[in-house]
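> Build me a model:
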Amino acid sequence: MNSIKLIATSTFGLEEMVKLEVKKLGYENLEVENGRVTFEADLAAIPKANLWLRTADRVLLKMGEFEATSFEELFQQTRALPWETWIPENGKFSVSGKSIKSQLFSVSDCQAIVKKAIVERLKETYHVDWFSEDGPEYPVEVALLKDRTTLTIDTSGAGLHKRGYREHALEAPLKETLAAAMVLLSRWREDRVLIDPLCGSGTILIEAAMIGRNMAPGLQRSFVSEGWPIIPRQLWKDARAEALKAIRQDERINIIGYDVDEKAIMIAKENAYRAGVDDCISFVAQDIEKLRSDSQYGYIICNPPYGERLGEKEEVEKLYKRMGQIFKKLETWSVYVITSHEEFEQIYGKRSSKKRKLYNGRIKVDYYQFFGPKPPNELFGTLKE
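Take a look at the predicted model:
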């Protein structure tokens with residue numbers, strides 16, 4: 001198969017990040033829309049994209065896109081697509097759906113019609129009236145937006161944020177994909193100290209270590225499309241072998257995580273061990289008040305509590321004020337903080353150099369970026385720290 005279209009979905013606000021990642025993998029002809037990046041590729045891109053994309057939510061195979069304002073149009077145009085190219089006779093497929101501002105607003109009816117249309121198409125191809133559906137899985141999605149229908153098959157299975165290293169987490173953990181985006185947006189480099197003084201279960205720092213070591217985030221997990229007959233197993237083997245070869249195991253990285261909660265530190269250590277980066281992250285049970293560093297230049301990236309619950313706001317604001325006072329002592333450091341609190345800058349005591357609107361789950365947040373000065377070696381290219 002020479003050419004297919006894939007859609008890398010993303011959280012709103014991270015589309016450009018996903019676009020850059022897709023381009024880095026070598027794919028062009030990109031189309032960026034809200035929540036997704038569409039690109040032309042080949043079969044080898046399915047394992048490659050699933051293994052390597054850090055900030056995308058899923059990788060979907062685009063089957064077709066068309067206008068549909070009636071159930072009959074939806075049925076006929078769905079049946080016209082080449083489902084048999086991908087789904088074998090024993091293939092198991094379910095249909096999920098969503099509808100936004102479309103005349104076909106009943107999602108359950110749309111799902112049923114798409115399922116029926118695919119079954120009719122497969123009946124014609126395989127000349128059978130009944131399917132066992134005991135083979136590989138093909139999660140189909142019908143998405144309707146303003147009467148425009150997009151039909152896809154999910155190649156990922158579980159969301160790409162499920163890297164496989166986080167068996168335990170604290171309440172309301174940060175998604176791995178968002179944590180990776182925070183690190184990438186900060187432009188942190190592996191030769192700089194990185195500290196998360198409120199590290200929780202360690203997600204930000206683990207993602208940073210994986211970036212610093214050039215570790216593909218999907219190496220420790222499986223994907224639903226690994227069982228698809230149309231994708232030669234050798235493509236998956238080659239993609240995994242290439243990813244393993246790309247790891248910079250000897251890269252020296254100085255990453256530190258602090259948290260006042262000893263249980264959180266224990267969980268963070270376990271997660272780092274499972275991710276294979278425990279040798280480059282130091283986790284210490286310590287209050288933020290004790291934050292110190294001998295390094296002249298470094299990065300702080302953190303996800304403090306937001307104060308969303310009743311009764312928490314006052315305590316959270318006290319924390320933000322203390323953060324401003326404590327981080328001020330590291331005047332040559334760059335600081336990055338994500339929070340939903342709209343008055344963060346006023347409480348923190350400093351206007352950010354830049355802020356970016358993102359979403360942490362369904363919570364609208366801002367990513368506040370306080371840029372520190374560049375070290376002399378970056379300014380002139382000869383001097384060292």
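> distance from the centroid: which residue in the chain tops it?
Note on the chain: the largest C-alpha distance from the chain mean falls to residue 127, namely 41.1 Å (CA atoms, centre = their mean).
> Could you measure from that residue over to residue 83?
Using CB to CB, to the nearest Å, residue 127 is found at 15 Å from residue 83. Every C-beta, even on glycine, is put in place using the N, C-alpha and C of the backbone.
> re earlier: give me the phi and psi for the residue farthest from the centre of the chain.
With angles defined as degrees, to the nearest 10, residue 127 sits at phi 60, psi 50.
> Pull up the gap between it and residue 84, please.
Counting by CB to CB, the separation of residue 127 from residue 84 is 11 Å.
> Please apply the same query to residue 268.
48 Å.
> Who has more neighbours out of the two?
Per other CB atoms under 10 Å, whichever of residue 268 and residue 84 has more neighbours is residue 268, with 29 against 15.
> any idea what that one is structurally, helix, strand or coil?
Secondary structure assignment for residue 268 (DSSP: H, G, I helix; E, B strand; the rest coil): helix.
> show me the contacts for it.
With contacts defined as CB atoms under 8 Å, 6 or more residues apart in numbering, the neighbours of residue 268 are 199, 200, 201, 202, 205, 206, 257, 259, 281, 283.
> try residue 11
35, 57, 175, 177, 178, 358, 359.
> Out of those, which sit inside strands?
358, 359 (DSSP state E).
> If any of the contacts of residue 11 are buried, put those into a ChimeraX selection.
In ChimeraX, a selection of the buried entries from the contacts of residue 11 looks like this (16 or more other CB atoms under 10 Å):
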select :35,57,175,177,178,358
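> need the contacts of residue 11 in a markdown table with pLDDT and distance to residue 352, can you?
Converted to a markdown table, these look like this (pLDDT from 0 to 100; distance: CB to CB, whole Å):
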| residue | pLDDT | distance to residue 352 |
| --- | --- | --- |
| 35 | 94 | 25 |
| 57 | 98 | 27 |
| 175 | 94 | 22 |
| 177 | 97 | 23 |
| 178 | 97 | 18 |
| 358 | 96 | 14 |
| 359 | 94 | 18 |
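> Closest one to residue 224 out of the contacts of residue 11, please.
Checking the contacts of residue 11 against residue 224 with CB to CB, the nearest one is residue 57 at 14.2 Å.
> circling back to that earlier point, drop anything exposed from the contacts of residue 268.
Among these, those scoring as buried are 199, 200, 201, 202, 205, 206, 257, 259, 281, 283 (criterion: 16+ other CB under 10 Å).
> hang on, the earlier thing: from residue 293, how far off is the residue farthest from the centre of the chain?
Distance from residue 127 to residue 293, by CB to CB: 70 Å.
> Could you tell me which residues within the one helix or strand residue 64 maps to count as buried?
Using DSSP states H and E, residue 64 sits in strand 58-67. By neighbour count with 16+ other CB under 10 Å, strand 58-67 contains the buried residues 58, 59, 60, 61, 62, 63, 66.
> mind pulling up the phi and psi values for residue 15?
The phi/psi pair for residue 15 (degrees, to the nearest 10) is phi -60, psi -40.
> That one: what's it in contact with?
Contacts of residue 15 by CB under 8 Å, 6+ apart are 32, 33, 34, 35, 36, 37.
> In this structure the fourth one contacts residue 13, no?
Spelled out, that is residue 35. No - with contact defined as CB atoms under 8 Å, residue 35 does not reach residue 13; the gap is 9.4 Å.
> can you tell me how far residue 359 sits from residue 57?
Distance, residue 359 to residue 57, by CB to CB: 11 Å.
> Could you list everything residue 282 pairs with in the sheet?
Assessed by DSSP bridges, residue 282 has beta-bridge partners residue 256.
> What count of nearby residues applies to it?
Each residue near residue 282 was counted by other CB under 10 Å, and the total is 15.
> ok, now how distant is it from residue 91?
Applying CB to CB to residue 282 and residue 91 gives a distance of 48 Å.
> Residue 293 too?
Using CB to CB, residue 293 is found at 55 Å from residue 91.
> More neighbours: those two, which one.
residue 91 (22 against 15).
> The more buried one touches residue 136, doesn't it?
Yes - using CB under 8 Å, residue 91 is in contact with residue 136, at 6.1 Å.
> where does the stretch 1-150 of the chain have low pLDDT?
1 (pLDDT under 70).
> Tell me which stretches of it form helices.
Ranges of helices within the stretch 1-150 of the chain are 15-24, 45-52, 71-79, 107-126, based on DSSP state H, counting those that start in this stretch.
> Which of the ones you listed sits closest to residue 4?
Across these, closest to residue 4 is helix 45-52 (CB to CB), at 7.6 Å.
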